[in-house]
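Peer 1: Kindly return the folded structure for what I paste below:
(one chain, ligands or ions: 1)
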Amino acid sequence: MKQYYVVLRSVLRSQSHLRRYLRRCRHCRIFFLSHPRNAGRSDLRCPFGCREAHRKQRSTKRSVAYYATAEGKAKKKIQNGKRAQGAVRAEANPPVTGAQELHSGMVSYVAMVASLIESRRVSEAEILQRLVRAMRQHSMARRRRMDYVVAQLNQHGP
Ligand SMILES: [Zn+2]
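Peer 2: Here you go, the predicted model:
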């Protein structure tokens, strides 16, 4: 968290035009950069979980409200019947797990911030590519360090 603010602060120092997008999550109060189209809004939630949680809550509420209607009740009865027969298969769009949703929220946030910083459109695919590359480099560096340690041990003994 401290590291996150160090990065955020240094980004805002070098990219002062981004300061107007600095917002605070209305739920957890963390600072983050809003999408330019939401600049100035004070009712935003952060992309680190709160936005997702809220979206999920709303959709649960919607479906609870729907199943309380006569139409919804009838539909549920049918669904439950099918389920009892084991006929219900995974839906066409299988529900995404929470972690995946959170990650895709983060990737789109990073893509948005990168677009703002680089003043060009940085796609989520590009961010993912960069992440993969960075992780590969990271593990290569670690391997080199280990090789070095092993070489040192071989030379000088433990
Ligand atoms: Zn939050």
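
Peer 1: which other helices and strands contact the longest helix along the chain?
Peer 2: If you go by DSSP state H, the chain has its longest helix at helix 124-156. In terms of contacts (3 or more CB pairs under 8 Å, 6 or more residues apart in numbering; DSSP states H and E), helix 124-156 is packed against helix 98-118. In this view, the C-beta of every residue, glycine as well, is placed from N, C-alpha and C.

Peer 1: Could you tell me how far stretch 63-83 lies from the centre of the chain?
Peer 2: 32 Å (CA atoms, centre = their mean, to the nearest Å).

Peer 1: can you tell me the average pLDDT over it?
Peer 2: For stretch 63-83, the mean pLDDT works out to 87.

Peer 1: what do you get for stretch 39-49?
Peer 2: On average, stretch 39-49 scores 93.

Peer 1: Show which residues not belonging to that stretch make contact with it.
Peer 2: 20-21, 23-28, 30, 32, 34, 38, 51, 53-54, 102, 105-106, 108-109 (CB atoms under 8 Å, 6 or more residues apart in numbering).

Peer 1: Then stretch 104-120?
Peer 2: 11, 15, 18, 21, 32-33, 35-36, 47-49, 51-52, 96, 121-124, 126-128, 131.

Peer 1: Mind checking which of the residues you listed are buried?
Peer 2: Neighbour-count burial (16 or more other CB atoms under 10 Å) applied to these gives 11, 15, 18, 21, 32-33, 35, 47-49, 51-52, 122, 127.

Peer 1: Can you name the two of these that sit furthest apart?
Peer 2: Gln15 and Glu52 (26.3 Å; CB to CB).

Peer 1: Buried residues in stretch 17-32, which are they?
Peer 2: Buried, per 16+ other CB under 10 Å, within stretch 17-32: 18, 21, 23, 25, 30, 32.

Peer 1: anything in it sitting right up against the ion?
Peer 2: Yes: using CB under 5 Å from the ion, stretch 17-32 reaches the ion at 25, 27-28.

Peer 1: end to end, how far does that stretch reach?
Peer 2: The first and final residues of stretch 17-32 sit 14 Å from each other (CA to CA, to the nearest Å).
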